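Asker: Sharing a sequence plus its predicted fold:
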Amino acid sequence: MNRKKIKALLLVLLIAMLTVPVQAFAATSKSVTVKIGDVHGEAGQVITVPVSVSAPVTDIAAYGLELNYDNTSLEVKEIHQVDDNQEFQSNFSNKDGYLRAAWADATGGDDALKNAATLFTVDFLIKENPVYGKKSINVPIYDAAALSFTDSNNNNVSATVENGSFTINKSSNSKLSSLLASDGTWNETFSPEGKFYTVAVKSTVNSLNFVPTAQNEYAHITINDKKVTSGTLSHGFSLKEGSNSFTIKVTAQDGSASTYTVKVNKEKEAVEEKPDTNTEIVTVDIQSGNDAVVAKTPIYRTTDEFGIKSDKVTLTKDVVKELLASAELQDSNTAKIIIPDTQDEISETYFSIPKDALKLLSEGNINIQLVMNNAQIVLPKESLKDVKDDLYFRFVPVKTETEKNEVKNRALNSITSFSEYENVQVLGRPMEIQTNMENSKVKLILPVESDVIDTIKAKNSGIENLPIFIEHDDGTKEVIDASFTNYHMDGFTGLAFEINKFSTFTPLYLSGAVTNNTDQEAVSGKDAKDSKGTEASSSADTTVSTDEQGTGTNLKKLPKTGDDSYIDMILNISIVAIAAILVFLFVSKKRRLKKQ
């Protein structure tokens, strides 16, 4: 018999095994064991079941198998042959709950099975709402044709079966695949493995909805013990100011559970300033360093029962956002606030920047300049970055002559070197500044009438700065130099200096030096030597500090005044007169001696 005839005969055998009952062949002593795999899974999963044979006593050249399964809980998706042999055939009926597979060696015995092997695998889908527990996958014992094996000599091979089991478990998946909120900003990115999250919402958000979605459709979800359907919007949960806690519990089908905690922080409601009957609102422009308008901010001007007026200015987060959005500001990196006081009636100015606005200014690298009648202050961006809390400044100008004289007397009593001058004059207005900004450098400019400065310059050729007497809040006092600069108001010249400690600042003019020029040069000349022969300091940045008793002062050489020039002239005339008298006496004596 040739190979074509053998192949045709085998194909007919396969078709017959799959479609019609086959009579059992005569039993032999040769045997093989069929093993159906034991597996388990959950509803919705696709599970693969292997069907294998033990090593046969002889070879196996063909087989036919029928397996029965519980079609109320399982559904065959696909049957896979293990090798590439093309003589494999299979079919199944999910309606009746059976599958059939047959194979024959088409080579006439060359590819017969001689060792233990997996015959084929079956992919089962576990249906929704299955009957839970162990299910049998078996060969029907009532049908002899359901199990047939032959060797390469076409002899029957007896077979025994180890039926398989399919255990359907309830789901243990208690994880979320996603979690959404109807409002707010999440601080963390959601992950099914993460358990703790925080969300920030604005003060205007009064309730919050969640959309939790479970990984497994049989899981149940509650939020603060209220049931929520997976993948749908929950009802609204009310929010109070501050921290609100939400516990999201996911319970799996088998009763195991996972918990997610979400902290929702509702920001404090901004209290809108409502001016009383004695308060007016003045809206002013915020300008860039190039004088372009970049934003607006309100000033609350209050008049107390004694008619004294004070200003309150707050640079809010919304105002900072507005000015940062301006292209003009980016060219100068400076935001300038000019506080109007045309009647010179403001006795105090309170300026503040909340920390959330400070953060934006720091990120935008913006300097802040506050311009008032009695002072200008520049807050560099580097100094603003160091402030972590709400920032405030309180400016109080000293306006009355009585208060000015009190400052003058404190200066004379504190700085011993001031006693070397006949005249100590307070210029402009002393300025008291209070703040919570510590150890951060700022620039301060105090105004003095330009006519006064011009007079001082006329009397002192080459003068470039004037002293500032500083009384610190901690009780220490010092004197520093301030240089001349422009001021924003007509008729005034600015005295500019840098500080990192806040106090009361008083511009001074000293004249009528009691000590002679030689002594002054010894104190302040660049080439002067001290008593030990070392060079004395003459840096323009030298400051003079003293304690309450006024000891240990080193005051720089101050410019020669008009009074000093007058004294020098009298001294010179006196010297010439004395010299003339001496010459006259010498000549007279010589003539008398000659006559004798």
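Answerer: That came through fine.
Asker: what's around residue 301, how many residues?
Answerer: Residue 301: 22 surrounding residues under other CB atoms under 10 Å. Where you see a C-beta, it was placed from the backbone N, CA and C, and this is true even at glycine.
Asker: Neighbouring strands - and their directions - for the helix or strand that contains it?
Answerer: Here residue 301, judged by DSSP states H and E, is contained in strand 293-303. Its sheet considered, strand 293-303 pairs with strand 279-288 (antiparallel), strand 309-314 (antiparallel) by DSSP bridges.
Asker: Look up how far residue 197 lies from residue 264.
Answerer: For residue 264, the distance to residue 197 (CB to CB, to the nearest Å) stands at 9 Å.
Asker: Look at the two and report which has more neighbours.
Answerer: residue 264 (23 against 20).
Asker: Grab the nearest non-local neighbour of the more buried one.
Answerer: residue 244 (4.3 Å; CB to CB, 6 or more residues apart in numbering).
Asker: What of residue 486?
Answerer: residue 494 (6.2 Å).
Asker: Ok, residue 210 next?
Answerer: residue 234 (4.7 Å).
Asker: I'd like to know how many residues surround the one you found.
Answerer: Residue 234 has 22 neighbours, counted by other CB under 10 Å.
Asker: Ok, residue 213 next?
Answerer: Around residue 213 there are 15 residues (other CB under 10 Å).
Asker: thinking again about what came up before, worst average pLDDT in the strands paired with strand 293-303?
Answerer: Mean pLDDT is lowest for strand 279-288 out of the strands paired with strand 293-303, coming in at a mean of 88.
Asker: For the closest residue to residue 252 other than its chain neighbours, give me its contacts.
Answerer: Sequence neighbours aside, residue 174 is the residue nearest to residue 252 in space, at 3.9 Å (criterion: CB to CB, 6+ apart). Residue 174 is in contact with 214, 216, 219, 250, 251, 252, 256, 257, 258, counting by CB atoms under 8 Å, 6 or more residues apart in numbering.
Asker: Next: residue 207.
Answerer: 236, 237, 238, 239.
Asker: Check residue 425 too.
Answerer: Taking CB under 8 Å, 6+ apart as the test, what residue 425 contacts is 408, 508, 509, 510, 511.
Asker: Just put the residues you listed in a markdown table and tack on secondary structure.
Answerer: Output for the contacts of residue 425, formatted as a markdown table (DSSP: H, G, I helix; E, B strand; the rest coil):
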| residue | secondary structure |
| --- | --- |
| 408 | helix |
| 508 | strand |
| 509 | strand |
| 510 | strand |
| 511 | strand |
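Asker: Can you report phi and psi for the residue nearest to residue 210?
Answerer: phi -70, psi 170 (degrees, to the nearest 10).
Asker: pretty sure it is touching residue 224, no?
Answerer: No: here residue 234 lies out of contact with residue 224, judged by CB atoms under 8 Å, at a distance of 9.7 Å.
Asker: Could you pull out the buried residues of stretch 496-505?
Answerer: 496, 497, 499, 501, 502, 503, 504, 505 (16 or more other CB atoms under 10 Å).
Asker: So which of the residues you listed are in strands?
Answerer: 496, 497, 499, 503, 504, 505 (DSSP state E).
Asker: any idea which of those residues is the one closest to residue 305?
Answerer: residue 504 (26.4 Å; CB to CB).
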